[in-house]
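S.K.: 3D model of this:
(chains A and B)
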Amino acid sequence: AQSVTQPDIHITVSEGASLELRCNYSYGATPYLFWYVQSPGQGLQLLLKYFSGDTLVQGIKGFEAEFKRSQSSFNLRKPSVHWSDAAEYFCAVGVPGNTPLVFGKGTRLSVIA
Amino acid sequence: GAVVSQHPSWVICKSGTSVKIECRSLDFQATTMFWYRQFPKQSLMLMATSNEGSKATYEQGVEKDKFLINHASLTLSTLTVTSAHPEDSSFYICSARAVSVDQETQYFGPGTRLLVL
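M.R.: Predicted structure coming up:
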């Protein structure tokens, strides 16, 4: 079965600084990979997804993620963080077939002035 | 596109009553919907997978008689918490797969916060 690890529970960055959130997955083949963001008291919003093709994926709100097969990773990046990016970020993995996504435990991002 | 709504957004009820939460896909048809529960500062816990026109598949440890799920149409799934108790208080989130958009992405509703007194 597939699994997802987000090693960082909480990250604090300064506004304007760059950001990288880590995500590692375990699956025998190339899975489908997702990043979602959740603001307090809200549902999850899809930031970006990778199915195949170009390993650098662009998403909404200036985020991007890079799929690295050799490292089984799908790290999320943003060159310049805004205070409004403070939220919980979830990495998720899916596999072919009508099965639910498997989520990591999430990384809470705090942004300081 | 691919918008999912939930109603109500929050509900307070007395212990012993039943509460129904609706999940709707507004601009697409969803053959599969998922129901999650989320505790404060934790990840999502999958409760059940709901397929249109068939019985829901519940995850291990989730009481199917307690959490009744109905997926009667391609745009609506409901979760009914029967005889709710304070330990059922939580944030419930649904998601739906948009087969017409892409088969693998789950689009999430805004969540329903349930408080049982």
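S.K.: buried residues, stretch A:12-19. List them.
M.R.: For stretch A:12-19, a neighbour-count test (16 or more other C-beta atoms under 10 Å in any protein chain shown) marks A:13, A:19 as buried. To be clear about C-beta, it is placed using only N, CA and C from the backbone, and glycine gets the same treatment.
S.K.: just the terminal-to-terminal distance for stretch A:28-47.
M.R.: End-to-end distance for stretch A:28-47, by C-alpha to C-alpha, to the nearest Å: 25 Å.
S.K.: just the buried residues of it, please?
M.R.: For stretch A:28-47, burial by neighbour count (16+ other C-beta under 10 Å) applies to A:31-38, A:42-47.
S.K.: ok, A:S52 touching A:P31?
M.R.: No - counting by C-beta atoms under 8 Å, A:S52 stays clear of A:P31, with 10.7 Å between them.
S.K.: ok, A:G106 - how many residues close by?
M.R.: 24 (other C-beta atoms under 10 Å in any protein chain shown).
S.K.: distance of it relative to chain B?
M.R.: Distance, A:G106 to chain B, using C-beta to the nearest C-beta, to the nearest Å: 5 Å.
S.K.: and the particular helix or strand that has B:C23 in it, which strands flank it?
M.R.: Assessed by DSSP states H and E, B:C23 sits inside strand B:19-25. If you go by DSSP bridges, strand B:19-25 pairs up with strand B:4-7 (antiparallel), strand B:76-81 (antiparallel).
S.K.: what about it, distance to the chain center?
M.R.: Computed by C-alpha atoms, centre = their mean, to the nearest Å, the chain-centroid distance of strand B:19-25 equals 6 Å.
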